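Undergrad: Below are the sequence and a predicted model; questions follow.
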Amino acid sequence: MTLSAAPRINCEVIETRAPMARIFNIQRYSLNDGRGIRTVVFFKGCPHTCPWCANPESMSPKIETVRRESKCLHCAPCLRDADECPSGAFERIGRDVTLDELEQEVMKDDVFFRASGGGVTLSGGEVLMQAPFATEFLQRLRRYGVHTAIETAGDAPLSRLLPLAQQCDEVLFDLKIMEPEQARAIVNMNLPRVLQNLRSLAAEGVNVIPRVPLIPGYTLDSANITRVLEFLIPSGIRQLHLLPFHQYGEPKYRLLGQTWLMRDVAAPDANEIAAIRLLAERAGFQVTVGG
């Protein structure tokens, strides 16, 4: 995208009876979820059970209310109501938006998209849980030249995934545990379907960028990475993003009153990441760490 891109939509909202989606965050000025400066829309709800998930607030499709002790005034009586809380200690996670409302929100950042070649990325949770809405939303953005992307694990019927992927300039496609029984038991994933979906997207000419989270005890080993590479080579895909494990999600688990199963797991060191990167590069892949 260039500064001379076609004119874009204005920010006026026309009230319609449009479908709704449930989101929990809009993150602006993101540099790690596709090219350029991006606005990332996080959809609420995920069918997977990854122990390392850094967005635990994304898991449930329900709107949740949490309490931040640091803001609490300890009112008596406490109404436990996010709308009535005078200090904002009670906070609602999740809200419903229409196509028009979400379009208005993300197009506030159009100047950044134009200047950087960036755009909008739909993430989660798992955006495929709300694929019809997401597909129509990206169709709108593409009419105005906005670069579009999704982040997905690809575990849904192809009839749901393909129409959405075809509205994307990039599909950031996660590959996790590459042993089918372990994938089912640990992260509740239908790995054969995921792999077939990735093959189908590549065959349709979709720009798929595989990404592998490097999780100690789960995916951070040469055997799992070798399976990823052996699967990808016949597809002709030669890009690969490596996403090292981190502890940034731990405070969110505490906020939600949940146990962070990975609390005592150290992030991979530079030597471990370099070894995986070298393995992929020797197989002919252009590797990006961080994605």
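TA: Looks like it came in fine.

Undergrad: OK, contacts around the residue nearest the centre of the chain?
TA: In the chain, the residue lying closest to the centroid (C-alpha atoms, centre = their mean) is Ser123, at 3.0 Å. By C-beta atoms under 8 Å, 6 or more residues apart in numbering, the contact list for Ser123 reads 33, 40-43, 150-151. (Glycine included, C-beta is placed from N, CA and C.)

Undergrad: three-state assignment of the residue nearest to it when sequence neighbours are not counted?
TA: Nearest non-adjacent residue to Ser123, counting by C-beta to C-beta, 6 or more residues apart in numbering: Glu151, 4.3 Å away. Put simply, Glu151 is strand when judged by DSSP: H, G, I helix; E, B strand; the rest coil.

Undergrad: so the residue nearest to the centre of the chain bridges to which residues?
TA: Phe42 (DSSP bridges).

Undergrad: Need the phi and psi values for the closest residue to Leu220 other than its chain neighbours.
TA: Of all residues not flanking Leu220 in the chain, Leu214 sits nearest, at 4.6 Å (C-beta to C-beta, 6+ apart). For Leu214, the backbone dihedrals (degrees, to the nearest 10) come out as phi -100, psi 90.

Undergrad: Run a quick neighbour tally on Leu214.
TA: Neighbour count of Leu214, defined by other C-beta atoms under 10 Å: 23.

Undergrad: where's it relative to Ser70, distance?
TA: Distance of Leu214 to Ser70, given as C-beta to C-beta, to the nearest Å: 32 Å.

Undergrad: just Val206 next, same as before
TA: From Val206 to Ser70 the distance is 44 Å (C-beta to C-beta).

Undergrad: between the two, who's got more neighbours?
TA: The residue with more neighbours, out of Val206 and Ser70, is Val206; 19 against 6, by other C-beta under 10 Å.

Undergrad: which residues sit in contact with that one?
TA: Contacts of Val206 by C-beta under 8 Å, 6+ apart are 162, 165-166, 168, 171.

Undergrad: hang on, the earlier thing: please identify which pair of the contacts of Ser123 lies farthest apart.
TA: Greatest spatial distance in those: Asp33 and Phe43, 13.2 Å, computed using C-beta to C-beta.

Undergrad: Looking at the two now, which is surrounded by more residues?
TA: Between Asp33 and Phe43, counted using other C-beta under 10 Å, Phe43 has the larger neighbour count: 27 against 21.

Undergrad: Identify the bridge partners of the residue nearest to Ser123.
TA: Applying DSSP bridges, one finds that Glu151 bridges with Leu172.

Undergrad: Now for it, how many residues are close by?
TA: There are 24 residues near Glu151, going by other C-beta under 10 Å.

Undergrad: quick one: contacts for it?
TA: Contacts of Glu151 by C-beta under 8 Å, 6+ apart are 33, 121-124, 127, 172, 174.

Undergrad: Likewise for Met129?
TA: So Met129 contacts 43, 45-47, 61, 156 (C-beta under 8 Å, 6+ apart).

Undergrad: Let me see the confidence value for the residue in the chain sticking out farthest from the centre.
TA: Residue farthest from the centre of the chain, counting by C-alpha atoms, centre = their mean, is Ala76 at 39.8 Å. Per-residue pLDDT puts Ala76 at 81.

Undergrad: cool, Asp81 as well?
TA: The model's pLDDT for Asp81 equals 76.

Undergrad: now it: how far from Glu64?
TA: 14 Å.

Undergrad: What of Lys71?
TA: 17 Å.

Undergrad: repeat for Asp110
TA: Counting by C-beta to C-beta - Asp110 and Glu64 are separated by 31 Å.

Undergrad: ok, these two, which is more surrounded?
TA: Asp110 (21 against 14).

Undergrad: buried set for the helix or strand hosting that one?
TA: Assigned by DSSP states H and E, Asp110 falls within helix 110-116. Of all the residues in helix 110-116, those buried under the rule 16 or more other C-beta atoms under 10 Å are 110, 112-114, 116.

Undergrad: For Ala280, state which of these is nearest.
TA: Ser116 (27.3 Å).

Undergrad: If anything else comes up later, I'll come back, but that's it for now.
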